[in-house]
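J.: How does the following fold in three dimensions:
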Amino acid sequence: MNNAQMSARVGLFFLLGVALIWVTFETLSAGKVSRSKGYTLVAHFNSLKELKTGDDVRQAGVNIGSVLETRLKDRRAEAVLLVDARVKIAQDASATIGMAGLLGSNYVSFDLGSENAAAYSPGDSVRTIESPDLNTIVTELGEVGKKVDQALSQFSGAMGGQDGNGLIGKLDKLVDTNSTRIGEITTNLKNVTDKLDRGEGTLGKLINDPKLHDELLVSVGDIKNAAAQAKDFVTNAQAIVAQVKSGQGTLGVLIYDQDAGNNIKVVAKNLRELSDKLRQGQGTLGRLFTDDSLYLQAQATLKKADRMIEGLDDQGPITAVGLAAKSLF
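T.: Presented below is the predicted three-dimensional model:
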């Protein structure tokens with residue numbers, strides 16, 4: 001092999017190696033070099049959560065740039081983002097720090113925002129949303145695990161306890177202590193269920209006697225009818241009360257009609273005046289109640305009439321008329 005062929009082969013291998021290195025770099029960097037031109041945006045976070053220079057900037061899962069620089073400013077962390085010049089990000093879109101799997105690197109993720117919103121200008125600060133990182137989640141899960149472990153330990157202690165002082169131990173002691181009583185109770189329950197099955201006693205008859213069951217159903221029906229009648233009575237009473245309140249009917253007029261009330265007052269006043277006059281002996285009826293002489297005169301007149309009637313049997317009509325007139329006058 002001459003020197004020319006050797007030089008050609010070495011040159012070919014060199015070019016292939018450079019091409020392979022370029023393809024590998026482009027693949028690993030997701031084409032950041034080819035998209036080095038663009039505009040910058042600044043994202044402020046309380047913590048960048050292991051975000052570093054060269055990490056992706058994505059929107060709706062599509063790679064649109066990379067992290068150009070990370071720095072600390074005014075007690076806050078900020079990331080300078082290099083965004084592809086062909087991509088416009090709406091001003092109401094928010095940026096968060098996402099995580100590409102458990103072992104993957106972090107990246108900055110933008111949502112799409114509104115369709116008609118204005119786009120960010122180069123150098124603008126973008127809206128950001130804080131999201132929990134893996135370390136925070138693992139720490140919180142560890143705290144939850146500790147609390148669950150403590151709760152289970154307390155539950156286990158309450159159930160088992162030491163030296164049989166737990167719930168299960170107490171139940172075991174209770175069963176051992178009252179085993180005889182438990183046996184008696186079980187026997188009694190068996191006797192009761194046997195009597196019920198044989199139809200003995202009121203409850204047994206109720207369960208086994210169809211006639212008693214039918215009578216009970218009839219009684220229940222009567223109770224329902226009585227309840228319905230009571231409901232109708234209450235409804236009617238409510239209707240009557242409503243009529244009385246509205247001034248309808250005689251009772252309603254007496255209670256709510258002012259003229260009827262005044263008339264009743266006048267009648268009561270007249271009756272009181274009449275009773276006072278009768279008590280004082282005024283008028284004919286009053287004198288009849290209080291004057292004894294009228295009673296005596298009436299009694300004398302009745303006696304004369306009695307004598308006249310006794311003499312009628314022995315006298316003629318004309319004589320009887322004369323005697324009657326003489327007796328009376």
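J.: before we move on, what SS does the residue nearest the centre of the chain have?
T.: The residue lying closest to the centre of the chain (Cα atoms, centre = their mean) is Lys231, at 30.0 Å. For Lys231, the reduced secondary structure class is helix; criterion used: DSSP: H, G, I helix; E, B strand; the rest coil.
J.: For the helix or strand containing Glu273, buried residues please.
T.: Using DSSP states H and E, the element containing Glu273 is helix 258-280. Of the residues in helix 258-280, those buried by neighbour count under the rule 16 or more other Cβ atoms under 10 Å are Leu278. No exception for glycine: its C-beta is placed from N, CA and C like everyone else's.
J.: Could I get the average pLDDT for it?
T.: Model confidence over helix 258-280, given as mean pLDDT, is 78.
J.: circling back to that earlier point, list the residues that contact the residue nearest to the centre of the chain.
T.: Listed by Cβ atoms under 8 Å, 6 or more residues apart in numbering, the contact set of Lys231 is empty.
J.: And it, how far from Ile223?
T.: Lys231 sits 12 Å away from Ile223, taking Cβ to Cβ, to the nearest Å as the criterion.
J.: What is the end-to-end distance of stretch 48-60?
T.: 20 Å (Cα to Cα, to the nearest Å).
J.: And it, how far out from the chain middle?
T.: If you compare the mean C-alpha spot of stretch 48-60 with that of the full chain, they lie 48 Å apart, counting by Cα atoms, centre = their mean, to the nearest Å.
J.: for it, which positions count as buried?
T.: So stretch 48-60, judged by 16+ other Cβ under 10 Å, has buried residues 48-49, 51, 55-59.
J.: Equivalent analysis for stretch 76-91, please.
T.: Of the residues in stretch 76-91, those buried by neighbour count under the rule 16+ other Cβ under 10 Å are 77-79, 81-84, 87, 89-90.
J.: CA atoms of that stretch as PDB?
T.: Extracted C-alpha coordinates of stretch 76-91, given in PDB (Å, rounded to 0.1, in the frame of the first residue of the first chain):
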ATOM      1  CA  ARG A  76     -34.200  34.800  44.200                       C
ATOM      2  CA  ALA A  77     -33.000  32.300  41.600                       C
ATOM      3  CA  GLU A  78     -33.500  33.200  38.000                       C
ATOM      4  CA  ALA A  79     -32.900  31.300  34.700                       C
ATOM      5  CA  VAL A  80     -32.100  33.100  31.500                       C
ATOM      6  CA  LEU A  81     -33.900  31.200  28.700                       C
ATOM      7  CA  LEU A  82     -32.800  31.200  25.000                       C
ATOM      8  CA  VAL A  83     -36.000  30.700  22.900                       C
ATOM      9  CA  ASP A  84     -36.100  29.900  19.200                       C
ATOM     10  CA  ALA A  85     -36.800  33.100  17.300                       C
ATOM     11  CA  ARG A  86     -39.600  31.300  15.300                       C
ATOM     12  CA  VAL A  87     -41.600  30.600  18.600                       C
ATOM     13  CA  LYS A  88     -43.700  33.300  20.100                       C
ATOM     14  CA  ILE A  89     -44.800  32.800  23.800                       C
ATOM     15  CA  ALA A  90     -48.100  34.500  24.900                       C
ATOM     16  CA  GLN A  91     -47.800  36.900  27.800                       C
END
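J.: Kindly provide the whole-number mean pLDDT of that stretch.
T.: This predicted structure assigns stretch 76-91 an average pLDDT of 92.
J.: chain center to it, what's the gap?
T.: Its chain's C-alpha centre and that of stretch 76-91 lie 50 Å apart, by Cα atoms, centre = their mean.
J.: Repeat that for stretch 172-186.
T.: The gap between where stretch 172-186 is centred and where its chain is centred comes out at 44 Å by Cα atoms, centre = their mean.
J.: how long is that stretch end to end?
T.: So stretch 172-186: terminal residues 18 Å apart, Cα to Cα.
J.: same thing with stretch 172-188?
T.: The first residue of stretch 172-188 is 23 Å away from its last residue (Cα to Cα).
J.: Please, where are all the strands along the stretch 51-200 of the chain?
T.: Along the stretch 51-200 of the chain, the stretches classed as strands by DSSP state E, counting those that start in this stretch are 56-59, 62-73, 76-84, 94-99, 106-110, 125-128.
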